[in-house]
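Enquirer: Got a predicted structure plus its sequence, pasted below:
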Amino acid sequence: MPGPPGGLMGHLKHFNTLAVGHHKTVCQWARVYGGVFRVRLTNVNMVIVSDPLLVHSIIGRSTELEKSTSVFYDQFNVLAHEEEKSNLFTSKTDDWWRLIRKGLSPAFSANNLRKGFPEVQAVTNHVMSAMRKARGAPLPLEKAALCVTLDVIGRVGFQKDFGATASFEAVIEGKAPPPSGAGSSSWMDWANRVSEELGLKLNASGVAHSDFRMRMRALLEEVKARGDPKADDQSIAGLLLKLRDPKTGKKLSDDRLAAEFAVVYQGGTETTSLTTTWAIFMITQHPEVERKVLAELDAHGLLVTPARPNPRSLEWDDLGKLTYTNNCIKESMRMLPALTGTNRMADQDIMLGGYLIPRNTMIWCNLNALFSSPDVWHEPDKYIPERWETSGAEYVQTTDGKAATTGVSVQVNATGDVHAASEAAELLQDTEKENEHRVKRFIPFSIGPRDCIGQNLARVNYQTTVPMLLSQFSFKLAEEMGGYQGIRDAETIGVMPFTVRPAHGLKRLWLPRLECTGMLALRPAKGFQMHCTPRSQLAEGQAVAPS
Ligand code: HEM
């Protein structure tokens, strides 16, 4: 099997999570060595797979290969619970996993999320009110998005207001210590620690681990103190508390419940908030794209304009109608997937793409490499939201889609998008059943039995927060961020081993669309110098209301 030359330690140095940009190395390797190649991390052999058909064969429909807990997923276990090593995210696909997965699913049904939608609106409104108070001062966008998501999951999933957005506001108003202030116990501080310190010192920072676990345990106690959940309670907490072992009739142990609460947070917070952050970053860095987004918001009466200073609120029914904005989010998820991969372990010798994979080889299905492969996408390095306007754009063209689970090498048309376009008419006729046999090239939430259980909640979150923020604010990167390239050059992997995030944050200038008369190129926490720029000077080249 092909693969890059490695040293004594194999390719370990390329996977240093402190290093900026190592995920890009893997994407480059995939371009050189193909959709399946080998690397070695000291004595651990790993195969990196980005060929879409092979990815399907590994995770698509089968649970034959289990997650590779030893190296990657152990980090989730450590954070979830001191002793309880089983949880929905990392466990084998066993009976307990089935019980919890099935039991928890109603929490993410459209019906239930529709009920939770006002909470998503309220939390986003809260963070926007906080942003207005900053009056253009540069603030960390990814932290604002993180606070939104923390509160969304808290309110929708646990009927608990963690007050992350309130803490964010308090920091802006100077009523609370800045995010990284020593001794602060606010949720903002926790959010900050989760996203930064914990991410960089995942194994070393025992204090941060125990702090997180303590909060999850306290949440469990609070939820239990409310009494038995009602029969119609479809919150994450309620559903988990109602679960019973079919064999013994016993409830889940407190340890298991605390671990499940924790993995919901681990799986849901950074992923969703980074998706929001990257989407706003990519949209506002592409003026033509931003103009079209604003035109769409305007057409739906959602944009603040001089003629419409108080636009109507975004409603549930709008979520599916903002197609261009949603395509922009999809496109940023393709280029900057919040979760870059999923791992499996070959527990026996297997054949993959014509190669013999020896037992105990780790298999990394690398979504980042799949989403940026020129064999699969037309101009993959370009931000082209319009590519999603083609029906069936999520699928690849294979010579035999039905071979998706057999492990044969995929035949992808060199101009994936163009080919998909010629298929559009055919695809429109596709029934769900026919689509079952098609191979997807866009799977940010993974696929198959172990795909993301929280994807609908994530969608409701970012499809609400992104248009709401863009309709009220104009965004401009703070100068010190080094522009588009500065941010892209500083991408790194975040708290979860596979989340792509900007190494130095996305510090941006938030300008309420109508109210702001100046901008402060100052991040108060660090005491930067202040620049004030009249809004009139920003209009040129900066997205403003199309009207
Ligand atoms: C944009 C946001 C999100 C992305 C991109 C994302 C992506 C993923 C991916 C790729 C997986 C498979 C991981 C693997 O196989 O290693 C996964 C699993 C999972 N996600 Fe998400 N996720 C997101 C949001 C959420 C949210 C909001 C929640 C919960 C509230 C959540 C909870 C989980 C859980 C519990 C699993 C494990 C499911 C299982 O194995 O049965 N995720 N997610």
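Expert: Right, received. Where do you want to start? Since this is a predicted model, take the numbers as computed values, not measurements.

Enquirer: For Ala225, give its distance to Phe473.
Expert: As judged by CB to CB, to the nearest Å, Ala225 and Phe473 stand 39 Å apart. For the C-beta atoms, the positions are set from N, CA and C on the backbone; glycine is no exception.

Enquirer: higher neighbour count, those two?
Expert: Legend: neighbour count by other CB atoms under 10 Å for Ala225 and Phe473, higher for Phe473 (24 against 7).

Enquirer: and the gap between the more buried one and Ile357?
Expert: Between Phe473 and Ile357 the distance is 49 Å, computed by CB to CB.

Enquirer: shaky segments in the stretch 51-200 of the chain?
Expert: Under the criterion pLDDT under 70, the flagged ranges of the stretch 51-200 of the chain are 62, 69-72, 74-75, 79, 176-200.

Enquirer: tell me which parts of it are close to the ligand?
Expert: Residues of the stretch 51-200 of the chain found near the ligand (CB under 6 Å from any ligand atom) are 88-89, 101, 153.

Enquirer: Give me the buried subset of these.
Expert: 88-89, 153 (16 or more other CB atoms under 10 Å).

Enquirer: What about Ile236, how many residues nearby?
Expert: Applying other CB under 10 Å, I find that Ile236 has 26 neighbouring residues.

Enquirer: How about it, nearest residue that isn't a chain neighbour?
Expert: Once flanking residues are discounted, Ile236 sits nearest to Gly157: 3.7 Å by CB to CB, 6 or more residues apart in numbering.

Enquirer: Model confidence score at Gly267, please.
Expert: pLDDT for Gly267: 85.

Enquirer: Check which residues of the strand or helix carrying it are buried.
Expert: Assigned by DSSP states H and E, Gly267 belongs to helix 254-284. For helix 254-284, the neighbour count (16+ other CB under 10 Å) marks 255-284 as buried.

Enquirer: Helix or strand next in line after it, which one?
Expert: helix 287-299.

Enquirer: Just the CA coordinates for whichever helix or strand comes after that next one, please, in CSV.
Expert: Going down the chain from helix 287-299, the next helix or strand is helix 323-335, by DSSP H and E. Backbone C-alpha positions of helix 323-335 (Å, rounded to 0.1, in the frame of the first residue of the first chain) are rendered in CSV as follows:
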residue,chain,number,x,y,z
THR,A,323,-31.6,27.8,0.4
TYR,A,324,-28.7,30.0,-0.6
THR,A,325,-27.7,30.7,3.0
ASN,A,326,-28.0,27.0,3.8
ASN,A,327,-25.9,26.1,0.7
CYS,A,328,-23.2,28.5,2.0
ILE,A,329,-23.2,26.7,5.3
LYS,A,330,-22.9,23.4,3.5
GLU,A,331,-20.0,24.6,1.4
SER,A,332,-18.1,25.8,4.5
MET,A,333,-18.8,22.5,6.1
ARG,A,334,-17.3,20.8,3.1
MET,A,335,-14.1,23.0,3.1
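
Enquirer: Determine the set of other helices and strands touching the very next helix or strand once past helix 323-335.
Expert: Next along the chain after helix 323-335, taking DSSP H and E as the criterion, comes strand 341-346. For strand 341-346, the packing partners by 3 or more CB pairs under 8 Å, 6 or more residues apart in numbering; DSSP states H and E come out as strand 361-366, helix 367-371.

Enquirer: For the shortest one, what is the distance to the chain centroid?
Expert: Meaning helix 367-371. 14 Å (CA atoms, centre = their mean, to the nearest Å).

Enquirer: Can you give me the distance of Cys328 to Met128?
Expert: 19 Å.

Enquirer: Tell me where the protein has strands.
Expert: 36-41, 44-49, 138-140, 341-346, 350-352, 355-357, 361-366, 395-396, 439-440, 473-477, 491-493, 500-502, 507-512 (DSSP state E).

Enquirer: burial measure for the closest residue to Leu457 other than its chain neighbours, as a count.
Expert: Counting by CB to CB, 6+ apart, Leu457 lies nearest to Phe108, which is 5.5 Å off, once chain neighbours are set aside. Counted by other CB under 10 Å, the residues lying close to Phe108 total 22.

Enquirer: Val460 too?
Expert: 23.

Enquirer: which ones are touching it?
Expert: 113, 116-117, 120, 319 (CB atoms under 8 Å, 6 or more residues apart in numbering).

Enquirer: hmm, 7 Å instead?
Expert: If you count contacts by CB atoms under 7 Å, 6 or more residues apart in numbering, Val460 has them with 113, 117, 120, 319.

Enquirer: before we move on, what about Pro229?
Expert: By CB under 7 Å, 6+ apart, Pro229 lies in contact with 238, 241-242.

Enquirer: could these be laid out in JSON lines, adding pLDDT, distance to the ligand and neighbour count?
Expert: Shown next, in JSON lines, are those (pLDDT from 0 to 100; distance: CB to the nearest ligand atom, whole Å; neighbours: other CB atoms under 10 Å):
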{"residue": "Gly238", "pLDDT": "98", "distance to the ligand": "14", "neighbour count": "21"}
{"residue": "Leu241", "pLDDT": "97", "distance to the ligand": "16", "neighbour count": "19"}
{"residue": "Lys242", "pLDDT": "97", "distance to the ligand": "17", "neighbour count": "16"}
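
Enquirer: For the stretch 301-450 of the chain, what lies in contact range of the ligand?
Expert: In this structure, the stretch 301-450 of the chain approaches the ligand at residues 338-339, 342, 444-446, 450, judged by CB under 6 Å from any ligand atom.

Enquirer: can you tell me which two in the residues you listed are farthest apart?
Expert: Ala338 and Arg450 (16.8 Å; CB to CB).

Enquirer: Would you mind telling me which of those two has the busier surroundings?
Expert: Ala338 (26 against 19).

Enquirer: was I right about that one contacting Ser273?
Expert: No - Ala338 lies out of contact with Ser273 (CB atoms under 7 Å); the separation is 8.5 Å.
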